[in-house]
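S.K.: got a structure for you, letters missing:
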């Protein structure tokens, strides 16, 4: 007899998210599931968005492709209950930045993004408002950086968490006149 389950198995790689942009003909409405947006400079080359290496040796920069910043938030689409990545540009991100500053994060931020001109490349306007978290059971946010690296087919490395380094202090012992000591004096055995 088959083994029946009530839900599908976990996908081994977890990369089921798709990138969604603001459509031209209708608003995009969703609720943010992540706390912070993630963004980077990108190039549009060879009919696709590609991240900029950010170094002087970036091939797309050297080929003359312009770069622009794209931001991403994970969000739940209420009409379909699909968990997606929403892409936006630096020109449209002020409402997200203001909401983040007022509410100490974006999680449970309801937003509507639309293009007033109804054109595919028209300016995007975003309206934000707090969603009623008591009525929501938002899914856990994905690792957006890892998802983007998978989508862009680039190596993902876990960001390092570093303790802040204290400022460098000159630990050279100085005699009373402020001059460095003579190395022969330092190496002389103590008596």
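M.R.: Looks like it arrived, so ask away. Owing to the predicted nature of the structure, the values given are computational and were not obtained by experimental measurement.

S.K.: The top strand by length along the chain packs against which elements?
M.R.: Counting residues, the longest strand in the chain under DSSP state E turns out to be strand 67-77. Contact here means 3 or more CB pairs under 8 Å, 6 or more residues apart in numbering; DSSP states H and E; on that basis strand 67-77 packs against strand 28-32, strand 38-45, strand 82-89, helix 144-152. The C-beta positions use only the backbone N, C-alpha and C, and glycine is treated the same way.

S.K.: The last one vs strand 67-77, what angle?
M.R.: Taking axes from the mean of the first three to the mean of the last three CA atoms, to 10 degrees, one finds that helix 144-152 is oriented at 110 degrees with respect to strand 67-77.

S.K.: hmm, back to that, columns mean pLDDT and distance to residue 114 on top of the helices and strands packed on strand 67-77, output as CSV?
M.R.: Shown next, in CSV, are these (pLDDT from 0 to 100; distance: least, CB to CB, whole Å):
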stretch, mean pLDDT, distance to residue 114
strand 28-32, 96, 7
strand 38-45, 89, 21
strand 82-89, 95, 12
helix 144-152, 90, 23
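
S.K.: now for the ones you listed, which one comes closest to residue 127?
M.R.: strand 28-32 (9.6 Å; CB to CB).

S.K.: low-confidence ranges in this protein?
M.R.: 10-15, 55-56, 159-191 (pLDDT under 70).

S.K.: at 90 instead, please
M.R.: Where the chain drops to pLDDT under 90, the residues are 1-17, 42-68, 121, 132-137, 150-191.

S.K.: Strand partners (parallel or antiparallel) of the longest strand of the chain?
M.R.: Applying DSSP bridges to the sheet, strand 67-77 is found paired with strand 28-32 (antiparallel), strand 38-45 (antiparallel), strand 82-89 (antiparallel).

S.K.: so what strands line up beside the first helix or strand past the second one going along the chain?
M.R.: Meaning strand 38-45. Counting by DSSP states H and E, the next helix or strand C-terminal to strand 38-45 is strand 48-51. Take DSSP bridges as the rule and strand 48-51 pairs in its sheet with strand 38-45 (antiparallel).
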